[in-house]
Structure formats: C-alpha cells, structure tokens
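A.B. asks: I'll drop the sequence and a predicted model, then ask my questions.
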There are 2 protein chains.
Amino acid sequence: MFQAAAKTFWVASTTSREILSTIRHYCKKTPTTLRVSEAVSGAGLDTNIKVQGWVRSVRPQKTHLFLHVNDGSSLQPLQIVASSELNNPSLTFGCAVEVTGTLKRSPHQKQPVELEAHQIQVVGECDPVDFPFKIKERHSLEYLRQFPHLRCRTNAFSSLLRVRSEATTAIQSYFKKNGFVQIHTPVITSNDCEGAGELFQVEPSSPESNEDENFFSVPAFLTVSGQLHLEVMSGALSKVFTFGPTFRAENSQSRRHLAEFYMVEAEVSFTESLEDLTKVVEDVFRSATEHVLAHCPEDVDLFHKHVTPGHRETVDSMMKKRFPMISYTEAIDILNRSSEKFAFPTNWGCDLQTEHEKYLVKHCGNIPVFVTDYPYDLKPFYARDNQDHPEHTAAAVDLLVPGVGELCGGSLREERLDLLRARLEEAGLEETYSWYLDLRRFGSVPHGGFGLGFERYLQCILGVENIKDVIPFPRFSHSCLL
Amino acid sequence: MFQAAAKTFWVASTTSREILSTIRHYCKKTPTTLRVSEAVSGAGLDTNIKVQGWVRSVRPQKTHLFLHVNDGSSLQPLQIVASSELNNPSLTFGCAVEVTGTLKRSPHQKQPVELEAHQIQVVGECDPVDFPFKIKERHSLEYLRQFPHLRCRTNAFSSLLRVRSEATTAIQSYFKKNGFVQIHTPVITSNDCEGAGELFQVEPSSPESNEDENFFSVPAFLTVSGQLHLEVMSGALSKVFTFGPTFRAENSQSRRHLAEFYMVEAEVSFTESLEDLTKVVEDVFRSATEHVLAHCPEDVDLFHKHVTPGHRETVDSMMKKRFPMISYTEAIDILNRSSEKFAFPTNWGCDLQTEHEKYLVKHCGNIPVFVTDYPYDLKPFYARDNQDHPEHTAAAVDLLVPGVGELCGGSLREERLDLLRARLEEAGLEETYSWYLDLRRFGSVPHGGFGLGFERYLQCILGVENIKDVIPFPRFSHSCLL
C-alpha cells in the first residue's frame, strides 16, 4: 500500500516532509523491484528484491523447487530457489510470476546469482497443453512462424528482437554522430520512383460520396524508397538519412523478399566519387555490427551456435577485412573466366542475377564486395552518367554480401540539369518530375545516396536463412497475420 | 588530386608507409573541409579550410564582398569576406558554393569567426527570378507549404527539421535508457484496432490475374496504431516501444490532423496503476523537451521569437510544474461549474470536445494536464474495467496540452481473460481477436500503454499553429504532393 502511495505521491503539487519520510521508511521494508538483467548482473546482491516475469523452466525436487524466470530484459534467466512448499499446480512453463526473496551468490557455476524465494505469486496462468511451445523442446523457426503473437516468448525470437532493437539504435547513432539529420520520409506518396517494383495503391476503405475521386485527388502509393524525398532534404541539410518501412507488391515467396521491409537510406551532398558513399555504407555496416556484438553477445551467440553453427567465423572475417571494390566490367570478366555454368547470361549489359552475386562474393573471399559502375541503360533516370566510352556506365554501386546477395544499392545522382532533363524527356517524364528538376535548377550540387535493406543486414550478421524470421510481423503475398 | 588519392586509398588491402606519408604531406597543403557548424564554433581557426553550402545573403561593397553561407548543419551561417574581385553574377541567393580560405576571428560582435576567402566557386546556380524565395523576405509558413521540395532551404523549415531530428533522437534515447526494446510494428495490418478511425485499404496498383482475390488473401489496411502488436511484445519483453507512421483516412482539413502522422507508442508490463503510465508519458515529454532546448537552442528560438512570440514562457512554465492529474468526473465538474458557454454538452458520459479540453488546460494553469478514468462505454474493448459504481469507468488517461488539446492517450489494458472475452463476445469480435485473447490465456500480466502524437508534440513545444508545418511532407485529404 505504501509503495502505491509513494508512486502516486509525485503528482501532488505540494509536499510534506513528514509524509515523505514515513513513506520512505515503509518503502525500505518492501523489496526493490529489479529487472532480470539487473538481478543476474548482481545488482541488489544480499538484499530483498522482487522480480516479475515468465517461467521458462520448473524443476521440482524433494526439498527444493527450481525455476527459471525471464522478463525479456536479457536472454539469461534468473534462477529461483524455493522450498518445495512454495510449489503449486499453476507454476507451469509460460506462466507469469512475481517472486520476492533474497538475491544470493549461487553455489553453482552455471549462474552467478540465484534468488532465494520467500514468496512466489502466479500472476497469469498458462495451460501447458494449449500453449503451442513445449518446455525443453527446441522448435524450428518455421514452426514459430505460425504463432506471430506468441513467438516472441521463445528464446530465439526474443533474442532476435533485442538484436533488431540494438541494431536500430546503432544505425541511428552512427548517422547522428556523423552529422546526418534524420528525416521521416513519407509512406504515402504520389511518386512511383520510376517503377522500382510493383506498387501498393492506397484508398480509404469506405469511400466517400464521390467514388470516382481519389482521397488525395491523385493516385497514391506506398513508398518503394525515400530517396527522392531525401534528395529534397540533402539540398538544404547536406547529410540526411531515413530509416523506415518501404513496400513492394511483388508476388514473391522468396526467403529474401517481403511486401513490407525496413530500409536505411542516406543522401550526401558535395560528393566527389562513389567512394564517398561506399565509405559511409561500410562504416554503417561495421559500426552497427560492432555495436550489436558488444551489446547483445549472448543473443547473437544463440544464432551463431544453434541456428547457423559456424556463422560467427563468417562475421569475424567480414569484420577483419576491408570490403573489396570491383567494377561491373571486372565482375563480368570474373564471371566469364570462371568454370561455373550459370543459368543466366553473363554478357556485358546483362543484370547480375543471384547466382552471379553469390559467385562474386565467394570469389572475393566470402566477404562483402562492392560492385560499381553498372551499364547506364540498366539504371534509373537519376543515376549519374559516367559519360564513358565505349562501355557507357552510370556511377551506381551495389554491395553484395555472403548468404544474402544484394544488401545495398546506391548511386551518385545526376546533378547536371541538362543531362537529367534530357533523360526525363526521353522517358516522357519531364512534367511528372518537374519538381525534381527544380532541385537541379536551384543550387544543385554533386550528391549521392544509398539504400540498405535492414532485414537483409540482420540475416547477414545472424546467419538467418529466411527473411520472415528477422521481422516482428512479416507481410508477404497471401499472408498478413494480425 | 592527392586528396582524391587519399580518399580512395583506404580500399587497398595492403598499405605502403612511403605512399601514405607522401599523401599526408600533400594533404596538409589542401584545405580541410569543415561543416559550417564546425567553422562557426571556431574549429580550424587560423587554418586553411573549405566549406560547401548555399548562399543565404550577398552584400557586395566597394572593396569587399560579404556572403553568408549555410549547409544545414546549423541555423547560423558562416560569414565569408572576400575581395570584390571574387564577385561574379552567378553569386546569388540560393546558389551552391565551395569556398576556401582562412578562418579568422571576426572583428564584429555579430559572429565569432569569418572566413577570409581565397577562392569562391559557384557549384550550382540559382536564378533569383524563378526561385520562389526572395532574399531578405520573411515568407509565411503557409506560403512555404506550396513548395514542399524547396521549403527546407528556408531558415524556418530547416530549423524545424533539425528540431524534429533531435526530438526523435531524444525520444529513442529515453526509451533505450529505461530498458525498453524498440519494435517495428507493421504498417500494413489485417486488424482495424476497433475503428480507431477511418482506414486506408491497401491493394497492388496493377492487380494480378484474379481480381477478386486480395494480395494478402485478407483485406489489409494501413495501421491506425501499433498498440495491439506492442501488446504481443510486452508479453515477452515487458517494456517495448514503437515510433513510426500511423494513418487515418479522415476527410479533415483541421490544423491538428493529418492522414499520415507519427506516433510514439509504448507498452509496459506489470503495471499497478495509471500512474505507472503517466510517469512515463511525463518523463518522455520532459526529457525530449530538455534535450531539444539544450541541443538546438537557436532553432527553437527562431520559432519562439519569429513564429509565435512569447511561446517560450509557455514552454518554461510547462517544464517547471508537474503535470496535474484530474479524473474525468472532476473534469466534468469543473466544466459544469464554469461560467463558459460550451457548444457541446458536458453531461457525465459525454466525450470531451476540443472546447472542453482547451478550458481544462486553461483552468489548470495553461500547462499539460492528465485526465483519467473515462466512462467505460466511451472506451474501446481493451481498456481495463475499473469495476466501479455507480459511475462505471475504465482505467484510461489522456494528456491535454496548451494550444493543441489531446497530445496523448493511453490506458491500462484488460488483462483478465473472462472480462475481456465477455466484452469481445458482446461486440461479436471474439473470433477476430482470438489471437488477442491468447495473450490473456498464456501468462497474462497487468499492463498498459499509450500513444503520443509526435507532430502535436512538436506543435506544442514550438508553438506552431498548423500541423502541416511540422512534418516534412504533409498528407491530408486532397493533398499528396511529391
């Protein structure tokens, strides 16, 4: 009761020292609530604490009861030791509990501390028959996918979520530290970014009186990239980034594609060459990976030990070596000189297919590799013309990574008004993109940018085969659970 | 040339000390490129530097030419002083330049430093006749709205973007520091969150062969809230948050509504009362505001001086006092005792309207005020039943703030399976939300959460009248520019 009083007390506008001191006196007797991560790290040792979480294992023995309790703050659970008398039939795998007791150094090597429980209260029961996950069983990621509302309660998926959150933090910190301004580029847009893929269209579900009229007066789509909007901003803030959802209405069941996925995109003004971009891409990759390895090593280890054994070596070798850079023309040479039989052609001018990407990554030592200067005709209107001969290329770059293939694509943008206008005119898009031409009419600067697929990044560092297992709620054709 | 060589050098896998030292020797002679924010803070004083940016003012005098150059890294431009000989007709307001010279202490009090230019190169011209913004003219925010692709080039909007970016950082840091895991809740969803507003529906723009079939096999909508998805996650990770776009297909032209806007949402497990939530809301508000005031004081001042003079006092008084908390029943009493004539009824059981919210905020001293425990029948199925009599209320809370009204809404969630099931059955939603009932069947815990409108937060601290002026690309009925 006094704890509740203390909690509500802060809303009072005047305070009385006497009341406060009484409350403090009583609060001392009530246990301190700790998170499991705090308790396992030894905070509150030899004091009376309370933890709240979910039971991960129950081992009743003759005189003692052993529980593991987790609250999602870390992979490691807290071991609870109690007298057998505290056992009760509701104490099952998956139930929610509140445990108070004294935190002690553990006599066992397995865990540094354990909680000697005085009281165990089952807050929410969990019928072990109906609960789809079974104690001590290791369920496959594919099995877990059937339960998008419950899979976060498994070790593997809660680890994934912590890694995803840390990687998000790391990426945002990287850009922040390096002077980038974060822009929330819109999800709904009237651009189609020149057919970067199949689009989703958006309309109110219950149309207003006039059915012929669009809600926005124009057709509106879900964004496939924030690039053009970022280019607007880089023309004033120089260095900008966005990190948000992007969409493709592709009828793909591939393990690398989703209808809704996250992209990290950046635009940088006053670039001199593609290296100004590849340096940022490589830095983002390295600093995010270093951060994740340092901040949730146990979560990463779970994947490297139990999901894709041996993947840690791949990650370590990626982090040791600089990412090599080859031109598209060199890449075509490499493919043509190889003894491998490819299903798709490898003539100069053809797009690189997954089989080619995989071969190039292997050829370069199974580490990420930048491929630069693609054929001009393969690239969208905004890619900067290298004006080279006889092989006409654009200043575009892709980053190919082990296991995943294309992780990131970028380019210098055509900043020269006359060249850009000519290309848009050719495509009959001059009017649609007159606002984009304005960016070149008023204080245009050499600039470029890239987009990095966040889920593919997570696949790459964790070694997760299927992209559906690295996003909280995967959306793909014929599936939108919850 | 040597600078370019140095830039590309890092890609080499082996290094030669001699080459490196040669490069370093030559690099010393080339100027260091600084951002304007670095230069104005005095970095590189008395050395040869280069800055790149856009011209914000041109003042040619007899012997000297004065320019202000900005690159978006700060509101403050760098003053350039050059011999008149360096002037040329392309040096106009809005053009892009690269300036090299020596950074010197300024003899004038107005700025601490100035750049004595040796060279000024116009990188991108800007025709002052066509450019919609005129030098030395202060354009209204409404005028700027016509140019979503250019308005970031004005002081006001670039300040807004920096504030928005800093506020984003601050909010994410707050949650991170306090043990919350960031979740990317989906944009596309098959839930409709019980009619929280008009929905946008999503379908591929070029339907596949079978037009009758949905892409996702079920109708899919743009999310109106990440709450239900967050509740999934709080059932394993205890404390979670999301910060992303949410959508309403409302045909509103109000200065407080958008079709696409950002929400900060959090869910907290093991709550004991509404105060567990209001504490988080108030802490987020305070820590974000303190961060913004500390990290971009000049940008905030621009709004407090030129957009809504006097607003700083409002912000200061919000920050000084704890936010009071009144119950809905008290709020109704206050409204009924007032001498104000309201257009909408103020009977117990009626929803609070904007006019009521405004009155309550004023009544409480023009600072944010929490209103708690709304009539049960006004709240959605997930709000926790207070089981009180005779006035039947739910444990829900709104935060009302000066100038904006409702900034934030939250509630304890009904964690009791029997009560939740009964309410869903009543509404005929038991089957639709069977997955949501599962969360209560398996290890349910008392929990609650809230959603805070990010644009409204920015309006509140900056004193910006219209919500369209605090988001990069506003979307509302009949408008989806770019």
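C.D. replies: Happy to help now that I have it.
A.B. asks: Do a quick rundown of the helices in chain A.
C.D. replies: A:2-9, A:17-29, A:36-40, A:141-144, A:155-177, A:227-237, A:274-295, A:297-302, A:311-320, A:328-337, A:354-363, A:417-426, A:434-441, A:454-462 (DSSP state H).
A.B. asks: For A:Phe450, give the beta-bridge partners.
C.D. replies: Here A:Phe450 sits in beta bridges with A:Ala266, A:Gly410, going by DSSP bridges.
A.B. asks: from what I can see A:Phe157 touches A:Leu150, true?
C.D. replies: No - distance between A:Phe157 and A:Leu150: 9.2 Å, which falls outside the contact criterion (C-beta atoms under 8 Å). (Glycine included, C-beta is placed from N, CA and C.)
A.B. asks: Quick one: residues contacting the nearest residue to A:Glu198 once chain neighbours are set aside.
C.D. replies: Nearest residue to A:Glu198 in three dimensions, chain neighbours excluded: A:Ala249, at 4.0 Å (C-beta to C-beta, 6 or more residues apart in numbering or on different chains). With contacts defined as C-beta atoms under 8 Å, 6 or more residues apart in numbering or on different chains, A:Ala249 is in contact with A:197-200, A:259, B:204-205, B:215.
A.B. asks: Kindly write the ChimeraX command that selects the buried subset of those residues.
C.D. replies: The buried residues among the contacts of A:Ala249 can be selected in ChimeraX (16 or more other C-beta atoms under 10 Å in any protein chain shown) with this line:
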select /A:198,199,200,259 /B:204,215
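A.B. asks: quick one: low-confidence ranges for chain A?
C.D. replies: A:1-29, A:193-197, A:207-212 (pLDDT under 70).
A.B. asks: what does the domain assignment say about it?
C.D. replies: What the TED database lists as the domains of chain A is A:32-124, A:152-204+A:213-469.
A.B. asks: hey, what's the nearest residue to A:Asp71 once chain neighbours are set aside bridged with?
C.D. replies: Nearest non-adjacent residue to A:Asp71, counting by C-beta to C-beta, 6+ apart: A:Gly53, 3.4 Å away. Note on A:Gly53: beta-bridge partners by DSSP bridges are A:Val97.
A.B. asks: residue contacts, the spatially closest residue to A:Asp373 that is not a sequence neighbour?
C.D. replies: Leaving out its chain neighbours, the residue that sits closest to A:Asp373 by C-beta to C-beta, 6+ apart is A:Thr393, at 4.2 Å. When contacts are counted by C-beta under 8 Å, 6+ apart, A:Thr393 touches A:327-329, A:373-376, A:386.
A.B. asks: and of the domains of chain A, who's closest to B:Glu98?
C.D. replies: Checking the domains of chain A against B:Glu98 by C-beta to C-beta gives domain A:152-204+A:213-469 as the closest, at 7.6 Å.
A.B. asks: first to last residue in the closest one, what's the distance?
C.D. replies: 11 Å (C-alpha to C-alpha, to the nearest Å).
A.B. asks: Tell me the spatial nearest neighbour of A:Ile171, not counting adjacent residues.
C.D. replies: Closest to A:Ile171 by C-beta to C-beta, 6+ apart is A:Ala288, at 5.2 Å.
A.B. asks: ok, that neighbour touching A:Ala167?
C.D. replies: Yes - contact status for A:Ala288 versus A:Ala167: in contact at 5.4 Å, counting by C-beta under 8 Å.
A.B. asks: Pull the number of nearby residues for A:Glu415.
C.D. replies: By other C-beta atoms under 10 Å in any protein chain shown, the residues close to A:Glu415 number 23.
A.B. asks: What parts of the stretch 251-400 of chain A come near chain B?
C.D. replies: Contact residues (C-beta under 8 Å from any C-beta of the partner chain) of the stretch 251-400 of chain A with chain B: A:251, A:259-260, A:262, A:269-270, A:272-273, A:275-276, A:278-279, A:321-325.
A.B. asks: Once you drop chain neighbours, what's closest to A:Asn466?
C.D. replies: Setting aside the residues directly before and after it, A:Asn466 is nearest to A:Arg255 in space (C-beta to C-beta, 6+ apart), at 4.4 Å.
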